[in-house]
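>>> Next come a sequence and a model predicted from it.
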Amino acid sequence: MIRRPPRSTLDRSSAASDVYKRQLETEIEQATHHPVAKDLATEMREFHGWTIDKLEILRLYLRGGYVRVAGGGSYIDAFAGQGQGAFNGTTFSGSAIVAAQSEAFGRLHLIEQDQRSHRLLAQRLAELPDKLRARCELHPPGDCNQIIPTLLDAAVINSDKPCFAFLDPDSTQLAWETIEALAAYKTYTPNPVEPKKPKACKIELWILFNTHQAIYRLWADNREKYPETMGADALDHLMGGREAWWDLWESGQPSNALLRRYVERLKSLGYQYVLPQPVRDPVDGRVHYYMIHVTDHPSALGLMRWAKKQTGRIYACLLYTSPSPRDRTRSRMPSSA
């Protein structure tokens, strides 16, 4: 056995690094481990590594600064899911629970169409402390493209306070008309005295745009074999009509051209900043989809970039602290050979 020399006195930077690492490990432990009812555990969805990254970005963004600069407003989760999932034997809170536990919002509107997921989410919400649970409104199972316009028409969302909408579809379920309705609900008002502090902002959006999975399957590369895409109706729904994407198809553009067009269309709705960020497989670096941050507040951009940068360290720490099922039967320590 090789004995390491005594550790020298830490300088300020290395000490800060160690403090950060311990804090990070504590946050992971607190964020991912919670009591799970037996029936929930047997039906739990399996998360992927890139899903963990996305949820950590959301958690860090909301808790890292949003709660201070825009706290007390509204949150909309259009595809709220089951409220939790599993990865490598560890239980993770889903987006709805992450948002509730951030304490950044006075009211949370949670929408889920799937009946089973809706039931599981209701059970998970029931486990929250009374203070947090009281802020959550789980709407009856239904299509977010119908529920969100209804909420906006009824002025349920407080237009005098900030609102953050998490739009996280599995495929192409999110209609462009829903985006338009959210964008039109509030008006951006600049502040000539303090440009970095707008007087009012439109509803902030964080949108999953599935270029590398769902959209890729609808966008054939071989145009001679597939002269017309089989997913035309789905693309109309996503992009806002045939005229929004057909020229890209006719000119033989790759599916990534849709992302550029989608970003252009988001900018045309009057937002000041539209930032697409790739979400990659933490293991091999492949892009799985893009998360598009749409906001009027300049501070929000820096905060979102900061949250995104943290995910690599968080995932690496998670891999170290959460063994995979095979590790229960085989040591991860290197052999002495």
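Nice, thanks for sending it over. Numbers count the residues shown, from 1 in each chain.

>>> Which residue would you name as the spatial centre of this protein?
Taking CA atoms, centre = their mean as the criterion, K54 is the residue nearest the geometric centre of the chain, at 4.9 Å.

>>> secondary structure class for that one?
Put simply, K54 is helix when judged by DSSP: H, G, I helix; E, B strand; the rest coil.

>>> Now do it against L60, distance only.
Between K54 and L60 the distance is 11 Å, computed by CB to CB, to the nearest Å. Quick note: C-beta positions are derived from backbone N, CA and C, even for glycine.

>>> All the helices of the chain, in order from the start?
Using DSSP state H, the helices of the chain run over residues 12-32, 38-42, 49-61, 67-69, 95-102, 115-126, 130-133, 144-153, 176-185, 214-218, 232-239, 246-250, 256-267, 298-321.

>>> Those: which one's closest to L108?
Closest to L108 of the helices of the chain, according to CB to CB: helix 95-102, at 5.8 Å.

>>> helices and strands of this protein: which one has the lowest mean pLDDT?
Within the chain, confidence by mean pLDDT, DSSP states H and E is lowest for helix 12-32 among all helices and strands, at a mean of 42.

>>> Quick one: closest of the helices of the chain to P198.
When the helices of the chain are compared by CB to CB, helix 298-321 sits nearest P198, at 8.2 Å.

>>> For the closest one, the averaged confidence score.
If you average the pLDDT over helix 298-321, you get 69.

>>> Can you pull the poorly scored residue ranges out of the stretch 201-337 of the chain?
221-230, 312-337 (pLDDT under 70).

>>> Kindly recompute the last result at 90.
Along the stretch 201-337 of the chain, the parts satisfying pLDDT under 90 run over 210-232, 249-256, 278-289, 297-302, 305-337.

>>> cool, the stretch 1-150 of the chain as well?
In the stretch 1-150 of the chain, residues with pLDDT under 90: 1-53, 63-72, 85-92, 103.

>>> same thing but 70
Ranges of the stretch 1-150 of the chain meeting pLDDT under 70: 1-43, 69-71.

>>> which one of the helices of the chain lies closest to F87?
Among the helices of the chain, helix 49-61 sits nearest to F87 (CB to CB), with 5.7 Å.

>>> what helices or strands is the closest one leaning on?
In terms of contacts (3 or more CB pairs under 8 Å, 6 or more residues apart in numbering; DSSP states H and E), helix 49-61 is packed against strand 84-87, strand 90-93, helix 95-102, strand 273-280, strand 287-295, helix 298-321.

>>> let's see it at 7 Å
Under the contact criterion of 3 or more CB pairs under 7 Å, 6 or more residues apart in numbering; DSSP states H and E, helix 49-61 touches helix 95-102, strand 273-280, helix 298-321.

>>> what's next to that helix, contact-wise?
Where contact means CB atoms under 7 Å, 6 or more residues apart in numbering, the residues beyond helix 49-61 that reach it are 31, 87, 92, 95, 98, 102, 166, 279-283, 288, 291, 303-304, 307-308, 310-311, 314-315, 318.

>>> what number of residues lie near R305?
Neighbour count of R305, defined by other CB atoms under 10 Å: 13.

>>> contact partners of stretch 142-154?
In contact with stretch 142-154 (CB under 7 Å, 6+ apart) are residues 76, 78-79, 109, 111, 113, 139, 157, 175, 178, 181-182, 185.

>>> Going by neighbour count, which of those are buried?
Taking 16 or more other CB atoms under 10 Å as the criterion, what is buried in the contacts of stretch 142-154 is 76, 78-79, 109, 111, 113, 139, 157, 175, 178, 181-182, 185.

>>> Take these and write them to CSV, including distance to Y271.
Below are these laid out as CSV (distance: CB to CB, whole Å):
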residue, distance to Y271
I76, 16
A78, 18
F79, 21
H109, 21
I111, 22
Q113, 27
H139, 26
I157, 17
A175, 18
T178, 15
A181, 14
L182, 11
Y185, 13
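
>>> Does W245 touch A234 like I think?
No - W245 sits out of contact with A234 when judged by CB atoms under 7 Å, with a separation of 10.8 Å.
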